[in-house]
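Novice: this is the structure alone, sequence omitted:
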């Protein structure tokens, strides 16, 4: 789907596709959406979780259909077949079965808050943010975690980590700053980097918290890399996204020396150009964690 926001860099804005599952309001970054289509019959998959409806093949591409009604404990209204939101991220083609689509909302990441910690229902742990738009509350779902819960092999691809085995007994003193809003993925990334020999890690759940920490060191001058050696950031995050964080770092005369690696399920050719325009040193597509870790080792060795 073509949208103007994808052509802009460092604005800290996104376009959110607002949709309904049952009578509840949800959102997904439009950058993840390939197409919206009417529901069609699917071919069931033997022994698949109940949330996976099956497969269908539009234009010779096999796509897995996930029923968000079952994921979220909602019901599809009678007489409504719903819609399919086709997405591509983490190297997977997925269609999410929803009730209806309301439209596209352009908002700032600063308008998105972290989910309340007291959330304890069927949505607990699978929300990365809460957006407030015109009096409505839109829950932004953690689609990566939804898919990972249904297929653990779809979280982070650890293949290739054997190439960094030699660093496991090494202790790197370099401080690594991690910005990743998904608690699930944040923990996986921190663990993978720790296993590679990095034990001096500061981890944050959004770009604003990371920026507040990083910017507190901008009085260190030429010694900045002794305090922060490298930043690894997701792109989609409440309060401040990874592109805005990168732009702020690279616009600062002291902080710009810090390498910034973007690690996101959104990395494609368009997003790579956007990352380059804000000064990202390297960019990696989830779930290829091994490539990220190898690059970190090369950079600090």
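Specialist: Yep, that arrived. From a predicted model like this one, the values you see are computed outputs, not experimental measurements.
Novice: so how far is the first residue of stretch 105-115 from its last?
Specialist: End-to-end distance for stretch 105-115: 19 Å, by CA to CA, to the nearest Å.
Novice: switch to numbering from 743
Specialist: Okay, using 743 as the starting number, the last item reads as stretch 847-857.
Novice: centre of the chain to that stretch, how far?
Specialist: On the basis of CA atoms, centre = their mean, to the nearest Å, stretch 847-857 is displaced by 14 Å from the centre of the chain it belongs to.
Novice: domains of the protein?
Specialist: The chain resolves into domains spanning 746-891, 898-1042 when parsed by automatic domain parsing.
Novice: just those: most buried one?
Specialist: Ranked by mean neighbour count, the domains of the chain are led by domain 898-1042 with a mean of 19 (mean count of other CB atoms under 10 Å). Just so you know, the C-beta spots here come from the backbone N, C-alpha and C atoms, and that holds for glycine as well.
Novice: adding mean pLDDT, write the domains of the chain out as a markdown table.
Specialist: Below are the domains of the chain laid out as a markdown table (pLDDT from 0 to 100):
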| stretch | mean pLDDT |
| --- | --- |
| domain 746-891 | 86 |
| domain 898-1042 | 89 |
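Novice: strands along the stretch 893-1042 of the chain, start to end?
Specialist: Under the criterion DSSP state E, counting those that start in this stretch, the stretch 893-1042 of the chain contains strands at 918-921, 943-946, 972-975, 1002-1006, 1024-1027.
Novice: include distance to residue 762 when you put those strands into CSV, please.
Specialist: Formatted as CSV, the strands of the stretch 893-1042 of the chain follow (distance: least, CB to CB, whole Å):
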stretch, distance to residue 762
strand 918-921, 30
strand 943-946, 32
strand 972-975, 31
strand 1002-1006, 26
strand 1024-1027, 30
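Novice: residue 1028 - nearest residue in space that isn't next to it in sequence?
Specialist: With sequence-adjacent residues excluded and distances taken as CB to CB, 6 or more residues apart in numbering, residue 1028 is closest to residue 1007, at 4.4 Å.
Novice: and the one you found, what does it touch?
Specialist: 774, 831, 832, 886, 1027, 1028, 1029 (CB atoms under 8 Å, 6 or more residues apart in numbering).
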